[in-house]
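Colleague: Show me the folded form of this:
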Amino acid sequence: MAFLRKGVKLKEDKKKNLSGSDQAEQKKKNRLSVLYNSMRGSKRREVKDSNSPDSDGSKLSPTSETPDAKTLRLLEERMCDDPKKLLADRVKELRKVKDPDSPQDAADIREDFPLFEFVCEVSLRRKSENFCPYISWSHPPLRVLEDDKLASITLNIPTFCFPDMDLVEPVKKMKTETYCFVFTDLQAQNKFGYCRRFLPAAKSDPAEKRFPVVYCMVTKLRSFETFSKIFDQVVQLRDFSSAGAYSFLKALIEQNAPKPGKSVTVKYINPKIGNLVDIHVKRVTAGKRFEHVDLAYVLTKLGSKLLVEIFVNLMVERKLLFVAESLSDLTTIIHSIMQLLYPLQWQGIYIPVLPQEILDATSSPVPFVIGILKEHAKTLDEEALDDECNLVYIAEKRIVKRPNFTDIPFNKKFRKKFLQDLKLYKGKLVKSELNSEQTVEIGDMFYQFMRTIIGHYSDHVTFDEAGESDLDLTSFSDAAGVHSEFVWQLSKTQMFSSFIQGLTPESRNVFDQISDDG
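Modeller: Next comes the predicted model:
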């Protein structure tokens, strides 16, 4: 007992030796220690009595260690100077918490590339007498971008987020739009910029007019539906708190893309409720070629006749200029139609949404697929357009050919039969949210169309000693029978030549493979 009393006395003496400032400092460290532990997202466990029958002899919680002086100092500075930074750090720590029952780290769940590489918010600000778009927030921040290709893309993002800048005005309400632009590098690799334009919540008076804001994600993943659902969550969060939206996006950018049909779980603090929540991001299962398309919508919007006309023009690399009333329609329809060319891949200029300030691109001498808004089409000089350029008016379901347009030699019997099949399927279409099954079925009809036209290509390809491929164009087109004239014209295109050049001696005929991976 004497020993115990002596120990107690020593503790009391130690306390008395602390000056008033030292005691205050100790209290602050204790307080910061508690905050530090709470930031780590761990729950304090009760210390069990060592004499308890349930005790394992451990008297200290794993979370009871005291952080080092440097960490405490940093925490103290952040508490005093920047509370938002403290919250951001807490979010970062909480994102590292993993659910032991979750399989999200398994190799069969994720791809080996990120869900997206760059995300930004594009707003409008006054410049002289006009307003112009600029990146008001981004992650990673623009100043630390190390990828030169990505840095060059960011220079053009504001323009492509507001391709209709000349038409944008402050409004009280507007319809949300989701659309996409594409950047193609010298290796013909695409990066997609998925955009969501919306009207931010009013700061005070709900009736006040304000400019729209655009969120943009840059990725190599083609999955329109996936990013559309992400944007739904982002906009909801931003209406409550910009910081909440930013935190969610920062958490998401660290995730690798889920494989088709799989999902990844993102943990972040929801500012509305102040709690840690899980968001599940799922990738649609329509196959890689059709992840970002809705062919059922396209067939309904364009009709069978116009869709086939567009498709045939694409196969022989005619220039196509699409005109629509909304950015969403331009994106959905153009992206969807391009996937019908499989196994070929478009090699010309590809700009689904062309900004008004670079309309001169429509006079390009090379094949192109370009989309413009109806208001901008009014400023076009149709006489200056190439004779091989067709204007596709989406809302009117019509295609306007140039006066000196050369007809495409396509078999009328085959066209008629294909149109009948397409119209019959169109009559059976059922409206649904995703239309993924219908999209695959429509895509398969065009796939069979391509098989009929060029499915025999492998019988006419030879390889030299170096493994370089060569196609006998004459025998290939003659073997096409009634389609020989059309196949001869198609075989002269850049996209078909590129397809043949990409073959190797080990290549199987792509039409013999039962796959929709594209």
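Colleague: Can you pull out the low-pLDDT segments for this structure?
Modeller: By pLDDT under 70, the low-scoring segments of the chain are 1-108, 146, 185-188, 271-274, 284-292, 383-384, 402-405, 430-435, 513-518.
Colleague: okay but residue 173 is in contact with residue 199, surely?
Modeller: Yes - counting by CB atoms under 8 Å, residue 173 does reach residue 199; the two are 6.4 Å apart. Bear in mind the C-beta positions are built from the backbone N, C-alpha and C, glycine included.
Colleague: So between these two, which is more surrounded?
Modeller: A direct count of neighbours by other CB atoms under 10 Å for residue 173 and residue 199 places residue 199 higher, at 19 against 9.
Colleague: what residues are up against the more buried one?
Modeller: Counting by CB atoms under 8 Å, 6 or more residues apart in numbering, residue 199 touches 171, 173, 174, 176, 210, 212, 213.
Colleague: Quick check: the gap between it and residue 172.
Modeller: 8 Å (CB to CB, to the nearest Å).
Colleague: now do residue 144
Modeller: Using CB to CB, one gets 38 Å for the distance from residue 144 to residue 172.
Colleague: Tell me which of the two has more neighbours.
Modeller: residue 172 (12 against 8).
Colleague: isn't the more buried one right up against residue 205?
Modeller: No - using CB under 8 Å as the test, residue 172 is too far from residue 205 to be in contact (9.8 Å).
Colleague: Touching stretch 203-210 from outside, list them.
Modeller: By CB under 8 Å, 6+ apart, stretch 203-210 touches 170, 171, 172, 199, 200, 202.
Colleague: which residue ranges form the strands in the stretch 201-350 of the chain?
Modeller: Per DSSP state E, counting those that start in this stretch, the stretch 201-350 of the chain carries strands over the ranges 213-219, 256-258, 263-270, 275-282, 319-324, 349-351.
Colleague: tell me the angle of the fourth one relative to strand 263-270?
Modeller: Following axes from the mean of the first three to the mean of the last three CA atoms, to 10 degrees, one obtains 150 degrees for the angle between strand 275-282 and strand 263-270.
Colleague: List the contacts of strand 275-282.
Modeller: 41, 94, 97, 99, 115, 226, 229-230, 233, 248, 252, 255, 258, 261-270.
Colleague: Please convert the buried members of these into ChimeraX selection syntax.
Modeller: Filtering these down to the buried ones (16 or more other CB atoms under 10 Å) takes a single ChimeraX command:
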select :94,115,226,229,230,233,248,252,255,258,262,264,266,267,268,269,270
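Colleague: now residue 158, nearest residue through space, not along the chain?
Modeller: residue 133 (3.8 Å; CB to CB, 6 or more residues apart in numbering).
Colleague: can you count the residues close to that neighbour?
Modeller: Neighbours around residue 133, by other CB under 10 Å: 22.
Colleague: for residue 453, same thing?
Modeller: Residue 453, neighbours per other CB under 10 Å, totals 18.
Colleague: Report the next helix or strand after the helix or strand where it lies in sequence order.
Modeller: For residue 453, the enclosing helix or strand under DSSP states H and E is helix 436-454. Later in the chain than helix 436-454, the nearest helix or strand by DSSP H and E is strand 461-463.
Colleague: returning to what we had before: may I see the strands of the stretch 201-350 of the chain organised as JSON lines, with distance to residue 309 added?
Modeller: Converted to JSON lines, the strands of the stretch 201-350 of the chain look like this (distance: least, CB to CB, whole Å):
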{"stretch": "strand 213-219", "distance to residue 309": "32"}
{"stretch": "strand 256-258", "distance to residue 309": "35"}
{"stretch": "strand 263-270", "distance to residue 309": "39"}
{"stretch": "strand 275-282", "distance to residue 309": "36"}
{"stretch": "strand 319-324", "distance to residue 309": "10"}
{"stretch": "strand 349-351", "distance to residue 309": "19"}
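Colleague: Residue 124 looks like it's in a strand, true?
Modeller: Yes - assessed with DSSP: H, G, I helix; E, B strand; the rest coil, residue 124 lies in a strand.
Colleague: quick one: contacts for it?
Modeller: Contacts of residue 124 were listed using CB under 8 Å, 6+ apart, and they are 131, 132, 133, 134, 162, 168, 211.
Colleague: Tell me which two of those sit farthest apart.
Modeller: Maximum pairwise distance among these (CB to CB): 13.5 Å, between 134 and 168.
Colleague: quick one on the thing from earlier: with the contacts of residue 124 in mind, which one is nearest to residue 511?
Modeller: The closest of these, once distances to residue 511 are taken by CB to CB, is residue 162, at 42.5 Å.
Colleague: List the buried residues of the helix or strand that contains residue 132.
Modeller: For residue 132, the host element (DSSP H and E) is strand 130-139. For strand 130-139, burial by neighbour count (16+ other CB under 10 Å) applies to 131, 133, 134, 135, 137, 138, 139.
Colleague: What helices and strands are in contact with that strand?
Modeller: If contacts are counted by 3 or more CB pairs under 8 Å, 6 or more residues apart in numbering; DSSP states H and E, strand 130-139 sits against strand 118-127, helix 148-161, helix 242-253.
Colleague: Show residues contacting it.
Modeller: By CB under 8 Å, 6+ apart, the residues outside strand 130-139 that reach it are 118-125, 142, 154, 157-159, 161-162, 165, 168, 211, 214, 242, 246, 249-250, 253.
Colleague: Just the buried ones from the residues you listed?
Modeller: By 16+ other CB under 10 Å, these give 118-124, 154, 157-159, 161-162, 165, 168, 211, 214, 242, 246, 249-250, 253 as buried.
Colleague: Now for residue 489: which residues touch it?
Modeller: By CB under 8 Å, 6+ apart, residue 489 lies in contact with 316, 408, 409.
Colleague: Can I get those in a markdown table including distance to residue 461 and neighbour count?
Modeller: Formatted as a markdown table, the contacts of residue 489 follow (distance: CB to CB, whole Å; neighbours: other CB atoms under 10 Å):
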| residue | distance to residue 461 | neighbour count |
| --- | --- | --- |
| 316 | 21 | 20 |
| 408 | 25 | 15 |
| 409 | 24 | 13 |
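Colleague: Please narrow those to those residing in helices.
Modeller: The members of those all map outside helices under DSSP state H.
Colleague: which one of these is nearest residue 462?
Modeller: Nearest member of those to residue 462, counting by CB to CB, is residue 316, at 24.8 Å.
Colleague: show me the contacts for that closest one.
Modeller: So residue 316 contacts 408, 486, 489, 490, 493 (CB under 8 Å, 6+ apart).
Colleague: quick one: residue 197 is in a strand?
Modeller: Yes - Residue 197: assigned to a strand according to three-state DSSP.
Colleague: Show me what the residue lying closest to residue 394 once chain neighbours are set aside bridges to in the sheet.
Modeller: Nearest residue to residue 394, sequence neighbours excluded (CB to CB, 6+ apart): residue 324, at 4.4 Å. Per DSSP bridges, the residues bridged to residue 324 are residue 373.
Colleague: Check the burial of residue 324 by counting its neighbours.
Modeller: Neighbours of residue 324 under the rule other CB under 10 Å: 23.
Colleague: Equivalent analysis for the one 4 residues further on, please.
Modeller: Burial of residue 328, expressed as a neighbour count using other CB under 10 Å, amounts to 18.
Colleague: Look up how far residue 268 lies from it.
Modeller: 28 Å.
Colleague: Over to residue 349?
Modeller: From residue 349 to residue 268 the distance is 40 Å (CB to CB).
Colleague: With that, I have no additional questions.
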